[in-house]
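> Make a model of this:
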Amino acid sequence: MSDRVMWFNGACVPWEDARVHVWDELALRGANVFEGITAFWNAGEQRHEVLAGEAHLDRLYHSARVADIPAPMTRAELFDALAEVAAQLGGSDIYLRPTFYAKQGRSTLAPNSEGGVYIGGFPFRPGAPPAVRAIVSSHQRFGGPIGAHAKSGGSYLDFRIFERERLQHEVEHVLFLNDRGHVAEADGAAILLVRDRHVITPSPDSGVLDSITKRIVLDLARELGHQVEERPVRRDELYQARPVLAGTLLGLRPVDTVDGHAVGDVGGADTVATLTGEYDRLCRGENPLARTCLAPLR
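Numbering: from 1, shown residues only. Purely as a prediction, here's the structure:
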């Protein structure tokens, strides 16, 4: 069984056969919107359970409306397609990436407007390096061409710059600021700052994607009695608290150094450990919030 599965416009196909024409809107203008979704294997029930599936599809269809990309299928059809991909990867946790793209038509009002969909899937085995080093990018993040709240392929073009900086500086992650000089996001993850029992994160008006993983972690923090604050975050605060990255692929990942400086712990280590443990338990259905966050994928 292959460790990579591609569902392309109606059926699973060999990975290398999922192709688009160079003149499609996807290739010409980067006209696509996508989501990253994790599904965890429940060995006892012999099924995958998707994390925040409804929330991810809400955002996918919202992104398609904002980007004026025709949604090529209904939610029910998309869930069926996700389950088809997952069925080929049974027995392991998996990452699913559904993408809607424009094939033809510069607008959905164009008479030849046509959309397509593909879903990539592969085993999901998160791990963390021995030390997590980060730098603050010299490049500011502006939220993308259609705004920060739509998850579009074009909105991530500047991640090529961030990746170049990451490799040049030999670090694991790049953090970036918005056009006002406030903390925005990390490469592929939201940023949380932990001080004692206080969890701080950039507010949505900071030009950040409203991370679904971050929302789950903030709910966990509240359930545990921690104080949660969403507001603009100054750069210097990165050095005065324990930064934690939160994302679909990463889960929760504490950062050890920022710009070569050891991060300030200020009593946050226990809070970080507790949040990380409870998030892992939730993904396995062992936290009470799992009742609202996990759903069978079949």
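> Would you mind measuring from the spatially closest residue to Asn42 that is not a sequence neighbour to Leu218?
Distances taken as Cβ to Cβ, 6 or more residues apart in numbering place Glu49 nearest to Asn42, at 5.3 Å, with adjacent residues excluded. All C-beta spots, glycine's among them, are computed from the backbone N, C-alpha and C. For Glu49, the distance to Leu218 (Cβ to Cβ, to the nearest Å) stands at 21 Å.
> Same check on Ser203?
Distance from Ser203 to Leu218, by Cβ to Cβ: 12 Å.
> Check Ala241 too.
15 Å.
> can you give me the strands for the stretch 51-200 of the chain?
Counting by DSSP state E, counting those that start in this stretch, the stretch 51-200 of the chain has strands at residues 94-104, 114-123, 133-136, 173-177, 183-186, 190-195, 198-201.
> so what strands line up beside the third one?
It refers to strand 133-136. strand 173-177 (parallel), strand 257-258 (parallel) (DSSP bridges).
> Mean neighbour count, the ones you listed: which tops it?
Highest mean neighbour count among the strands paired with strand 133-136 (mean count of other Cβ atoms under 10 Å): strand 173-177, with a mean of 24.
> That strand vs strand 190-195, what angle?
Angle of strand 173-177 versus strand 190-195, following axes from the mean of the first three to the mean of the last three Cα atoms, to 10 degrees, is 90 degrees.
> For strand 173-177, give the mean pLDDT please.
Average pLDDT, strand 173-177: 96.
> what distance separates it from the centre of its chain?
15 Å (Cα atoms, centre = their mean, to the nearest Å).
> who touches it?
132-137, 139-141, 162-163, 165-166, 183-187, 189, 191, 235, 238, 243, 245, 255, 258 (Cβ atoms under 8 Å, 6 or more residues apart in numbering).
> could you pull out the helices for this protein?
Using DSSP state H, the helices of the chain run over 25-29, 53-67, 75-87, 159-169, 212-223, 269-283, 290-293.
> Mind putting those into a markdown table with mean neighbour count and distance to Phe124?
Shown next, in a markdown table, are these (neighbours: other Cβ atoms under 10 Å; distance: least, Cβ to Cβ, whole Å):
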| stretch | mean neighbour count | distance to Phe124 |
| --- | --- | --- |
| helix 25-29 | 17 | 25 |
| helix 53-67 | 19 | 14 |
| helix 75-87 | 18 | 11 |
| helix 159-169 | 14 | 20 |
| helix 212-223 | 20 | 13 |
| helix 269-283 | 17 | 10 |
| helix 290-293 | 16 | 16 |
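> possible to save those as TSV with mean pLDDT and distance to Thr108?
As requested, these are exported to TSV (pLDDT from 0 to 100; distance: least, Cβ to Cβ, whole Å):
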stretch	mean pLDDT	distance to Thr108
helix 25-29	93	11
helix 53-67	97	9
helix 75-87	96	18
helix 159-169	95	27
helix 212-223	97	26
helix 269-283	94	36
helix 290-293	95	32
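> now those helices as JSON lines including distance to Ala39?
Rendered in JSON lines, the data for these read as follows (distance: least, Cβ to Cβ, whole Å):
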{"stretch": "helix 25-29", "distance to Ala39": "25"}
{"stretch": "helix 53-67", "distance to Ala39": "8"}
{"stretch": "helix 75-87", "distance to Ala39": "6"}
{"stretch": "helix 159-169", "distance to Ala39": "24"}
{"stretch": "helix 212-223", "distance to Ala39": "14"}
{"stretch": "helix 269-283", "distance to Ala39": "10"}
{"stretch": "helix 290-293", "distance to Ala39": "12"}
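> For Gly115, which of the ones you listed is the nearest?
helix 53-67 (7.9 Å; Cβ to Cβ).
> who does the closest one touch, helix- and strand-wise?
The helices and strands touching helix 53-67, judged by 3 or more Cβ pairs under 8 Å, 6 or more residues apart in numbering; DSSP states H and E, are strand 32-34, helix 75-87, strand 94-104, helix 212-223, strand 294-297.
> Now tabulate those in JSON lines and tack on distance to Glu170.
Listed next are the helices and strands packed on helix 53-67 as JSON lines, based on distance: least, Cβ to Cβ, whole Å:
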{"stretch": "strand 32-34", "distance to Glu170": "29"}
{"stretch": "helix 75-87", "distance to Glu170": "35"}
{"stretch": "strand 94-104", "distance to Glu170": "26"}
{"stretch": "helix 212-223", "distance to Glu170": "26"}
{"stretch": "strand 294-297", "distance to Glu170": "37"}
